[in-house]
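J.: just coords:
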């Protein structure tokens, strides 16, 4: 047999080819996660879903505000990438063009569908290392075309 202090070898696992093999019973107890852990995970998931739906609702009700925030972030990044040889007048023209777009968004004069081309242009430009004078000029022209009238002709711009 076996010695008094030794552990007997485990029995072979049950298999369809050896139906007489004996399985050792599993210890009694509950497996898996505890109830508080499951409740906590479900609560966190539910809270995340509520926050996500709230964000989607906010964006759907305030698209102009979100677009202004996005443009201001892009403008801040672009200001740092403008090459040193770009004249100050071109820089000021770009800043004025961004300002006129912000004002037109506040007045809801720009249809957000028109902003898609600008977004693609901004994406293309921000991937460059330095912005040349031509890049700054093209971007200013696109922004000026997007917000006709600008801040100088605010009274003449008809609301859409």
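T.: Structure received. The structure displayed is predicted, hence computed values, not measured ones.

J.: what comes up buried for the helix or strand of the chain with the lowest mean pLDDT?
T.: Within the chain, no helix or strand scores below helix 115-126, which has a mean of 84 by mean pLDDT, DSSP states H and E. Using 16 or more other Cβ atoms under 10 Å as the test for burial, helix 115-126 gives 115, 118, 122, 125. The way it works is simple: take the backbone N, C-alpha and C, and place the C-beta from them, glycine included.

J.: what does stretch 49-66 give?
T.: So for stretch 49-66, counting by 16+ other Cβ under 10 Å, buried means 64, 66.

J.: Leaving out sequence neighbours, find the closest residue to residue 104.
T.: Nearest residue to residue 104 in three dimensions, chain neighbours excluded: residue 147, at 3.8 Å (Cβ to Cβ, 6 or more residues apart in numbering).

J.: which residues touch the one you found?
T.: Going by Cβ atoms under 8 Å, 6 or more residues apart in numbering, residue 147 touches 97, 100, 101, 103, 104, 109, 110.

J.: ok, the last one - contacts?
T.: Yep, that's residue 110 we're talking about. Residue 110 neighbours (Cβ under 8 Å, 6+ apart): 101, 104, 146, 147.
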